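Below: sequence and its predicted model.
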Amino acid sequence: MTTTTYRQAMREALRDALRRDERVFLMGEDVGRYGGCYAVSLGLLEEFGPQRIIDTPLSESAFVGAGIGAALGGMRPIVEIMTVNFSLLALDQIVNNAATLRHMSGGQFNVPLVIRMTTGAGRQLAAQHSHSLEGWYAHVPGLRILAPATVQDARGMLWPALCDPDPVLVFEHGLLYNAEGELAADAPVVDLTTAAVRRPGTDVTLLAYGGTLRTALAAADDLAGEGTSAEVLDLRSLRPLDTATIVASVQHTHRAVVVDEGWRSGSLSAEVSARITEEAFYDLDAPVARVCAAEVPVPYAKHLEEAALPSPGAVVEAVHHMAA
Amino acid sequence: MSKDGTHDLELLRQMLRIRRFEERCVELYSASAIRGFLHLAIGEEACAVGVFQALGPEDAVVSTYREHGHALARGISMRAVLAELEGKVEGTSRGRGGSMHLFDAGARFYGGNAIVAGGLPVAIGLALADHLQGRRRVTACLFGDGAVAEGEFHESMNLAALWHLPVLFVCENNLYAMGTSLARAQAETDLALKASAYRMPAWAADGMSVRDVEDTARRAADAVRAGGGPYFVELRTYRFRAHSMYDPDRYRDKAEIERWKERDPIPALVTELTEAGLLSEATWRAIQDGVQAEVDDATAYAESGTLEPVEDLTRFCVADADADAGAEAVAGQALAESRVP
């Protein structure tokens, strides 16, 4: 086991994929000479050359669409978009093409494309670089949506995502890149389909993913100090959702709090809550609670940004409220 | 013109196939056998037929929602196209696409894309794959004048030129984006001139002359295939009918439509070949009969086609839904352990 960062784990995953299959290439804004906006691809241009690490102009729609076309043409592209906010410029290609081509063509064509992008707030980047829109993408049939929250998942999710014959979107929370974790030298492959219990508990289930996993784990620590045993579930895959694992946990703890950095209205947290209500209503001792981002564009000022985002304190408060 | 006229007669026959096919579509639409949007290219047949003379089976095609003619000119069976329009399993997309979304893997026909300019980035990617793999193939990307106003057009033109990709851009300029005329949409209405700003060769051709289209397309495709990078061709054409079956066509002057009809590419070629002594009345009759028989056969085929069972509704959404009925249950582990296929 070695200690590594989420950024290094992701870079190693990219390097591994580029070595394993010559059809794999990385394309996006500043992925090459600059080394990646978040330095994830630093050094890869020097190692693999400009045919495999391709810098693009600021043309999100065209280079995401080019990823789709290259996938149709037999390649295994990895497209990096700087942030989920910028991905809206490529929404047409992702939703109207990548997600639909298999179905519209009656199964003749498929799009084995991986799109990586940064998501989330916490760095005072204001309203056009901080949103968590992965829940929107999780709405769309034909896409697989992943949210690696740990170093292990950052290292292990990319290769199986590339093996998926259909488009996969990988959401990397910006605050995670410097997070450290232990990684086995033989880099285990992880599965893409199941949620993971990150901390077992008996009194309440905290459901989180990506950046909010740390929030939920911190809240679980605080709750433990009060004598409340919280189970922390990492959703990992936002589409498809691992409903079975979610329901099994709630049946075990009888209480659930969904922690989501997306807004509450029409959100992923709403979907998770609905599934619990549909499948485990009679196991619940209290209504499902949600801790989400405040319903405002994420503000710049530090105190306002902090107030807008889910915090361990808010999660603890939600648990207190449901126990009262 | 070929010496014995064989090639010209085939161009004529192909244009007539498209014309008669789409006329049959109108009848079938009136009879409610075809529903949804139906965009006809009657009047524009010379574009489809001329362009596809320049492509080989190894080349790729990305098209738009007005693509019946493209599909037929590419060699996709009329039976499958009409079955698709009638929503039958025997259709090109098993009835999941309809008129706007014809696909054929064998013909490397990557669809009917109904988002204006949405196909251009995909064409860039297909060409990029060829470029990276060192394959000498052309990706033909067809779109209308409406696409020129979209950001995806500009992004894609730039990428193609910047990366020297083997894309043949074909703009079928029929002067109207639905009801908005080119003059009301573009500050610069000379689209070839506009395209040349991207540092690629760009030429306009008479889209009402199949021979002019073919010559221009051949020159362009040959240059692309030879490694010359992308090429832009503007085909100046006109649709005789409304944008779709829903369109009352209130935005065009009837006299304008009549003026363009005088340049109908089919009678024009008939006259030319007849005067050159290459088309006898008997031959013309035989061509028409043959086309009529094909259209009748396709109609009967589509009519007798089957509807996909509703139980199969969620198929083809993602790969494993086929095996696992529920779209939620997807195998990642098994895939991950194997090499990329």
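Perfect, thanks for sending it. Numbers count the residues shown, from 1 in each chain, chains lettered A, B, ... in the order given.

Which residue, other than its chain neighbours, is closest to residue B:240?
Of all residues not flanking residue B:240 in the chain, residue B:43 sits nearest, at 3.7 Å (C-beta to C-beta, 6 or more residues apart in numbering or on different chains). Quick note: C-beta positions are derived from backbone N, CA and C, even for glycine.

no wait, residue B:207
residue B:237 (3.0 Å).

and that neighbour, how many neighbours?
By the criterion of other C-beta atoms under 10 Å in any protein chain shown, residue B:237 has 27 neighbours.

Surely the residue nearest to residue B:240 is in contact with residue B:239?
Yes - under the criterion of C-beta atoms under 8 Å, residue B:43 makes contact with residue B:239 at 5.0 Å.

Find residues that contact each of those two.
By the contact definition C-beta atoms under 8 Å, 6 or more residues apart in numbering or on different chains, residue B:43 and residue B:239 are jointly contacted by residue B:174.

which residues does residue B:139 contact?
When contacts are counted by C-beta under 8 Å, 6+ apart, residue B:139 touches A:69, B:59-62, B:123, B:126-127, B:130, B:165-168.

Mind doing that once more with 10 Å?
A:69, A:73, B:55, B:59-62, B:108, B:110, B:122-131, B:160, B:165-169, B:224, B:230 (C-beta atoms under 10 Å, 6 or more residues apart in numbering or on different chains).

Those residues in helices, which ones?
A:69, B:122, B:123, B:124, B:125, B:126, B:127, B:128, B:129, B:130, B:131, B:160 (DSSP state H).

ok, the residues you listed vs residue B:265, which is closest?
Distance to residue B:265 across the ones in helices among the contacts of residue B:139 (C-beta to C-beta) is lowest for residue B:123, with 25.5 Å.

surely residue B:203 meets residue B:236?
No - contact between residue B:203 and residue B:236 fails when scored by C-beta atoms under 10 Å: they sit 11.1 Å apart.

Compare those two (neighbour count), which wins?
residue B:236 (21 against 16).

Look at residue B:204 and give its secondary structure.
Secondary structure assignment for residue B:204 (DSSP: H, G, I helix; E, B strand; the rest coil): strand.

surely it meets residue B:233?
Yes - if you go by C-beta under 10 Å, residue B:204 and residue B:233 touch, sitting 7.7 Å apart.

who touches both of those two?
Common neighbours of residue B:204 and residue B:233 (criterion: C-beta under 10 Å, 6+ apart): B:171, B:191, B:192, B:195, B:216.

Buried subset of those residues, written for ChimeraX?
Provided next is the ChimeraX selection string for whichever of the shared contacts of residue B:204 and residue B:233 are buried by 16 or more other C-beta atoms under 10 Å in any protein chain shown:
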select /B:171,191,192,195,216
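
Switch the shared contacts of residue B:204 and residue B:233 over to TSV; also include secondary structure, distance to chain A and pLDDT.
Putting these into TSV (DSSP: H, G, I helix; E, B strand; the rest coil; distance: C-beta to the nearest C-beta, whole Å; pLDDT from 0 to 100) gives the following:
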residue	secondary structure	distance to chain A	pLDDT
B:171	strand	17	98
B:191	helix	19	97
B:192	helix	21	96
B:195	helix	15	97
B:216	helix	24	98
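
can you pull the contacts of residue 86?
Picked chain A for this. Per C-beta under 10 Å, 6+ apart, neighbours of residue A:86: A:29, A:37, A:58, A:60, A:117, A:118, A:128, A:129.

Chain B was what I was after
B:25, B:28, B:33-35, B:95, B:98-99, B:299, B:301-303, B:305, B:307.

how about a cut-off of 7 Å?
For residue B:86, the contacting residues are B:33, B:34, B:302, B:305, by C-beta atoms under 7 Å, 6 or more residues apart in numbering or on different chains.

so how far is residue A:271 from it?
37 Å (C-beta to C-beta, to the nearest Å).

Tell me how far residue A:1 lies from chain B.
Residue A:1 sits 21 Å away from chain B, going by C-beta to the nearest C-beta, to the nearest Å.

That residue against residue A:182, yeah?
Yes - between residue A:1 and residue A:182 there is a contact under C-beta atoms under 7 Å: 4.6 Å.

show me where pLDDT drops low in the chain?
All of this refers to chain A. A:187-188, A:324 (pLDDT under 70).

wrong chain, I was asking about chain B
Using pLDDT under 70, the flagged stretches of chain B are B:1-2, B:320-341.

how far out from the middle of the chain is the longest helix seen in it?
Ranked by number of residues, the top helix in chain B under DSSP H is helix B:6-30. How far helix B:6-30 lies from its chain's middle: 14 Å, per C-alpha atoms, centre = their mean, to the nearest Å.

Could you list the domains of the chain?
Unless you meant another one, I'm taking chain A. Domain segmentation of chain A under automatic domain parsing yields A:2-183, A:196-323.

Chain B was what I was after
What automatic domain parsing lists as the domains of chain B is B:6-308, B:309-341.

Can you get me the start-to-end distance on the first one?
Across its full length, domain B:6-308 reaches 41 Å end to end, with C-alpha to C-alpha, to the nearest Å as the criterion.

Pick out whichever of residue A:1 and residue A:182 has more residues nearby.
Taking other C-beta under 10 Å, residue A:1 and residue A:182 do not tie; residue A:182 has more neighbours (11 against 8).

Tell me the buried residues in stretch A:186-199?
For stretch A:186-199, the neighbour count (16+ other C-beta under 10 Å) marks A:189, A:190, A:191, A:192, A:193, A:194, A:195, A:196, A:197, A:198, A:199 as buried.
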